[in-house]
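# sequence unknown, structure follows:
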């Protein structure tokens with residue numbers, strides 16, 4: 001078998017990021033990355049994502065499966081529980097209203113279709129979208145994630161776990177933001193970038209390409225993290241262009257590659 005290329009590994013990491021934390025499938029992928037060769041999972045990710053959309057739409061609107069020849073609501077619910085590890089609360093949330101739940105908090109309306117949720121975007125679980133924020137395109141916000149302020153999540157991006165996107169931040173493309181990560185200010189996360197753990201991206205920072213920001217790392221100022229860059233640990237990046245050629249950065253305060261703060 002051929003050795004995994006960096007692109008294959010990136011595809012598998014992105015696929016794992018779409019699966020529930022602690023799930024058997026997620027653990028298997030991450031375990032495989034430690035040494036077992038695999039083929040690219042980019043096609044698998046697309047298929048999984050499409051299946052998830054069909055299943056959640058069917059639970060929200062049982063007539064859809066009946067008229068389009070898809071799974072029944074009961075079959076969809078079973079698959080969501082067994083394959084995607086949806087909880088009773090997540091299933092109940094899907095059933096409350098046609099296509100998206102709406103409600104109010106002390107800060108006003110949340111999860112309002114046509115205002116906060118646009119296009120084919122989905123919001124489920126205990127996720128909240130409020131203020132002037134919006135989720136658009138095929139984006140998916142779930143678990144306990146929050147999108148608020150003037151933030152925008154679009155394209156095929158996923159935001160989940162306890163992650164937050166706020167201020168005027170934008171997450172788009174096929175980016176993933178999860179864990180307790182926070183993207184705020186005028187920051188942008190896009191392309192195939194992944195931000196997770198307790199990481200923060202703020203200011204006018206950009207994270208794009210196949211870059212990763214994780215753990216307790218912070219990226220701010222006018223920093224641009226792209227290519228195959230990996231910023232983790234307790235590293236703090238205040239500026240400069242980081243493309244991965246500098247190696248994995250796990251500590252220190254940096255104004256630019258090779259320039260300590």
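Now that the structure is in, tell me what you want to look at. These figures come from a predicted structure and were not determined experimentally.
# Pop the domain breakdown of this protein in here.
The chain breaks down by automatic domain parsing into domains covering 6-95, 100-173, 186-261.
# JSON lines for these, including distance to residue 180 and mean pLDDT?
Every residue, glycine included, has its C-beta placed from N, CA and C. Shown next, in JSON lines, are the domains of the chain (distance: least, Cβ to Cβ, whole Å; pLDDT from 0 to 100):
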{"stretch": "domain 6-95", "distance to residue 180": "11", "mean pLDDT": "68"}
{"stretch": "domain 100-173", "distance to residue 180": "5", "mean pLDDT": "88"}
{"stretch": "domain 186-261", "distance to residue 180": "5", "mean pLDDT": "97"}
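# Quick one: those domains as CSV, columns for mean neighbour count too.
Output for the domains of the chain, formatted as CSV (neighbours: other Cβ atoms under 10 Å):
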stretch, mean neighbour count
domain 6-95, 16
domain 100-173, 20
domain 186-261, 19
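# quick one, phi/psi of residue 80?
Main-chain torsions, residue 80, degrees, to the nearest 10: phi -60, psi -40.
# now do residue 76
Per degrees, to the nearest 10, the backbone of residue 76 is at phi -60, psi -40.
# measure it to residue 139 for me?
21 Å (Cβ to Cβ, to the nearest Å).
# just residue 213 next, same as before
19 Å.
# cool, residue 80 as well?
19 Å.
# With residue 85 instead?
21 Å.
# Ok, residue 177 next?
11 Å.
# Identify the contacts common to these two.
Listed as contacting both residue 177 and residue 139 by Cβ atoms under 8 Å, 6 or more residues apart in numbering are 157-159, 171.
# Surely residue 234 touches residue 200?
No. Using Cβ atoms under 8 Å, residue 234 is not in contact with residue 200; the gap is 11.6 Å.
# joint contacts of those two?
residue 217.
# Would you map the helices across this structure?
With DSSP state H as the criterion, the chain has helices at 6-18, 24-32, 42-60, 62-68, 73-82, 88-95.
# Dihedrals phi and psi, residue 227?
phi 60, psi -130.
# Which residue, other than its chain neighbours, is closest to it?
residue 243 (3.7 Å; Cβ to Cβ, 6 or more residues apart in numbering).
# which phi and psi does the one you found have?
With angles defined as degrees, to the nearest 10, residue 243 sits at phi -110, psi 0.
# Is it in contact with residue 230, as I believe?
No. Contact criterion Cβ under 8 Å: residue 243 and residue 230 do not qualify, at 10.9 Å.
# and residue 237, what are its bridge partners?
Beta-bridge partners for residue 237, by DSSP bridges, are residue 219, residue 254.
# whoops, residue 130 was the one
Under the criterion used here (DSSP bridges), residue 130 is bridged to residue 110.
# I'd say it and residue 123 touch.
No. Contact criterion Cβ under 8 Å: residue 130 and residue 123 do not qualify, at 10.6 Å.
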